[in-house]
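1. Kindly generate the corresponding structure for this input.
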Amino acid sequence: MKFLGLKFSMLILSLPGALAGAPLTNEVNDPFALELLSRLSEQSGNVVFSPLSIETCLALAYGGARGETGSQIAATLQRSDNTGIHQEFAASLRAVKETGNPGCQFTIANAAWLERDYPFVETYLGLLRDQYQASLNVFPPITDDKQAALVRTQIDDWVSSQTRGKIVQITRPDLPGINTRMMLFDAVYFKGAWATPFDKSMHWRSSFLLDSGQSVEVPSLCSEDTLRLAEDNEIQTLEIPYRSNQISMVIVLPKNRGRLSEIENHLRTQPIGRLCSAGSPQLVRLTLPKFRLTSEIDLKIPLMAMGIKNAFAEGADFSGISKRGGLFIEAMIHKSDLDMNEEGTEAATATGLYLGDGVPPVIPKVFNPDHPFLFLVIHKSTGSILFLGRVSDPTTPNLTINRMQKVTERLR
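-> Purely as a prediction, here's the structure:
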């Protein structure tokens, strides 16, 4: 019997395509998802997002992108730059939507909000309706805060309804604004019961080792069951099936503590399905921390770093959406909420992409003195330095009279 105590940093993946008792397909691989995870993991802490939702929303925008703007979106999604991308997404979405059964609820919905009387290309609206089953909604030109608030309420109500109230807001106080012409949204809801539920009467607590080296006690789930386990010299992967025969949670656990970022990079070249399919059903004693993760992610900077640059700037080519020109992505916002407990997993996510034709906001440069630095107080017209110093530790004064006396004595 294998003992798998999940007490360290974990990468959690929910993957469709696993048949009950059968290994995951080798084709389970999403370079875009793992690249985005790498970008988001540059900041420490928990991360949760839905690659399916983000990629779908980008595909909606790609349908109207032309020239280099479209090529950059396709390249970042790691898809061919042609109209076949829409048939591919449509087929995937249809397959995922058919997942639902008594033990698994899964819904995905798309919607667009269009400014009234704006000259949209009819074939693009047809693409949204026919390939993505997107509902098309109209809003009046926004001229004041009151109008903007009404539109925000309509959008947030739609998102809340599609996510069973888990995501209640995808708009921001500044979005939509007076220059917003179109908004694209994707919403996903998932509730899956474990194939073998954990015992709710057992109140386990186990230790979890943080990256800092500190150990914390966390409420945990414990079971002994036959599960598909794979391992090599670096990692263990464990597949925990839901009652649906098409969805599993896969946990990827580094064998060496503190190496999660290395494993994340490893997964960018090694398909997760190939890793898992190398395993076999084994009797496993599992200790798994319960967790709930929420996130709100502004996708603009990470997506630009991944290669989608033109779409967020003046000169973006979305002439497939409107021949008027000038459209660019004002913002792209993503929210997720995932709760994993004894019964299963409930999760929801929403992505909003805002297209406008004003002047793109300037991305501020980051200046963050979070390590020792020098400072000067100067008189600008004379160049006199009034004060000069070095900050090595902002929490304590660094030099005392007594220390100065000792320094002077040593110099004599």
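
2. in this structure, which spans are helices?
-> Here the chain has its helices, by DSSP state H, at 31-40, 51-62, 67-77, 84-97, 122-132, 145-162, 260-267, 272-277, 300-306, 401-411.

3. just checking, what packs against the second one?
-> Put plainly, it is helix 51-62. helix 31-40, helix 67-77, helix 84-97, strand 104-115, helix 122-132, strand 180-193, strand 328-340, strand 344-356 (3 or more C-beta pairs under 8 Å, 6 or more residues apart in numbering; DSSP states H and E). Just so you know, the C-beta spots here come from the backbone N, C-alpha and C atoms, and that holds for glycine as well.

4. Between these, which one is closest to S277.
-> Closest of those to S277 is helix 31-40, at 17.7 Å (criterion: C-beta to C-beta).

5. picking up where we left off before, same list (the helices and strands packed on helix 51-62) but as JSON lines, adding mean pLDDT and distance to P369.
-> Shown next, in JSON lines, are the helices and strands packed on helix 51-62 (pLDDT from 0 to 100; distance: least, C-beta to C-beta, whole Å):
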{"stretch": "helix 31-40", "mean pLDDT": "89", "distance to P369": "24"}
{"stretch": "helix 67-77", "mean pLDDT": "96", "distance to P369": "33"}
{"stretch": "helix 84-97", "mean pLDDT": "86", "distance to P369": "44"}
{"stretch": "strand 104-115", "mean pLDDT": "94", "distance to P369": "42"}
{"stretch": "helix 122-132", "mean pLDDT": "97", "distance to P369": "46"}
{"stretch": "strand 180-193", "mean pLDDT": "96", "distance to P369": "36"}
{"stretch": "strand 328-340", "mean pLDDT": "96", "distance to P369": "28"}
{"stretch": "strand 344-356", "mean pLDDT": "96", "distance to P369": "33"}
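
6. Of all these, which one comes closest to H203?
-> With C-beta to C-beta as the criterion, H203 lies closest to strand 328-340 of the helices and strands packed on helix 51-62, at 16.2 Å.

7. circling back: P289: which of the helices and strands packed on helix 51-62 is closest?
-> strand 328-340 (8.8 Å).

8. Which neighbouring elements make contact with the closest one?
-> Short answer (3+ C-beta pairs under 8 Å, 6+ apart): strand 328-340 packs on helix 51-62, strand 291-298, helix 300-306, strand 344-356.

9. Could you rerun that using 10 Å?
-> strand 11-16, helix 51-62, helix 67-77, strand 180-193, strand 291-298, helix 300-306, strand 344-356 (3 or more C-beta pairs under 10 Å, 6 or more residues apart in numbering; DSSP states H and E).

10. would you turn these into a markdown table with distance to I321 and mean neighbour count?
-> Putting the helices and strands packed on strand 328-340 into a markdown table (distance: least, C-beta to C-beta, whole Å; neighbours: other C-beta atoms under 10 Å) gives the following:
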| stretch | distance to I321 | mean neighbour count |
| --- | --- | --- |
| strand 11-16 | 30 | 19 |
| helix 51-62 | 8 | 24 |
| helix 67-77 | 11 | 20 |
| strand 180-193 | 7 | 25 |
| strand 291-298 | 22 | 15 |
| helix 300-306 | 18 | 18 |
| strand 344-356 | 7 | 25 |
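
11. Pipe these into TSV and attach distance to Q270 per row.
-> Shown next, in TSV, are the helices and strands packed on strand 328-340 (distance: least, C-beta to C-beta, whole Å):
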stretch	distance to Q270
strand 11-16	13
helix 51-62	17
helix 67-77	20
strand 180-193	26
strand 291-298	24
helix 300-306	20
strand 344-356	25
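
12. Straight-line length of stretch 277-293, end to end?
-> End-to-end distance of stretch 277-293 (C-alpha to C-alpha, to the nearest Å): 28 Å.

13. how about it: buried residues?
-> Using 16 or more other C-beta atoms under 10 Å as the test for burial, stretch 277-293 gives 277, 279, 282, 284, 286-289, 291, 293.

14. re the thing from before, wait, which of the helices of the chain is closest to I247?
-> helix 84-97 (9.2 Å).
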